[in-house]
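Enquirer: got a predicted structure here, sequence first:
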Amino acid sequence: MEPHDLLLIVDVQNDFCPGGNLPVADGDQVVPVINGLLPRFRHVVLTQDWHPADHASFASRHPGKAPYEAVQMPYGEQTLWPDHCVQGSDGAAFHPDLETDGALAVIRKGMNPAIDSYSAFTENDRSTPTGLGGLLRALDIRRVFLAGLAFDFCVGWSATDARTHGFEAIVLEDATRPVDLPGTVAAARAAMLDAGVVVSTSHDIAGGGSGPTGQPAR
Ligand code: VGL
Ligand code: ZN
């Protein structure tokens, strides 16, 4: 229960699980792994992809475009997605088996109809903050452990942004699954390495002994 550690559980929502609108293969299998991590953390924050029904990341808003194609947005390239995680829908709800009661906050993201937000810290325009950085600084968090969906999008972008905000970042890869479009897993891994993110597993941090970065646990 290191006081400066936080578990960031990214987008464990029905639409990213098998049967959802933007399914990630075996996405639901992160749930028991994440539930098993919870006793180790005093500080837990959830993110929830939470789009208006007319969100600009939906291929349905782009005539002639199909899901998983890319378009240019004012802020740069944007992958288009099936309609997913629409505010208030069943698809936007957390997986029913995820234990959410102990989380201190839920950060909702992707609410601006014109801007996507993969990262839990900063929207895809790379300038609009979600507020998570300030919350974590106020709590004196130093290490952010990441789990959830998807490794190559929202988990990866959140991890590199955690570094930008001055936190250590440790992705627990067995507690994640990727969307896995062509090249996206390798690109996410490279970006994380470049940013100083540690890619580890839940087994490496079990028991709360020495930390995954080799530093003694605080
Ligand atoms: C995500 C694509 C679109 C994610 C969210 O949670 O990784 N991916 N919206
Ligand atoms: Zn989304």
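Expert: Good, I have the coordinates. Ligands and ions are numbered 1, 2, ... in the order given.

Enquirer: helices and strands around the longest strand seen in the chain, which ones?
Expert: Secondary structure assigned by DSSP state E gives strand 168-177 as the longest strand of the chain. Packing contacts for strand 168-177, counted by 3 or more C-beta pairs under 8 Å, 6 or more residues apart in numbering; DSSP states H and E, involve helix 30-37, strand 143-149, helix 156-164, helix 184-195, strand 198-200, helix 202-205. Every C-beta, even on glycine, is put in place using the N, C-alpha and C of the backbone.

Enquirer: that one: which residues count as buried?
Expert: Residues 168-173, 175-177 are the ones in strand 168-177 that count as buried (16 or more other C-beta atoms under 10 Å).

Enquirer: of all the helices and strands packed on strand 168-177, which lies closest to G88?
Expert: The closest of the helices and strands packed on strand 168-177 to G88 is strand 143-149. By C-beta to C-beta, the value is 19.5 Å.

Enquirer: ok, D26 to ligand 1 distance?
Expert: Separation of D26 from ligand 1 (C-beta to the nearest ligand atom, to the nearest Å): 14 Å.

Enquirer: let me know the pLDDT of that residue.
Expert: What the model reports for D26 is a pLDDT of 98.

Enquirer: now P212
Expert: So P212 comes in at 55 (pLDDT).

Enquirer: A206 too?
Expert: 77.
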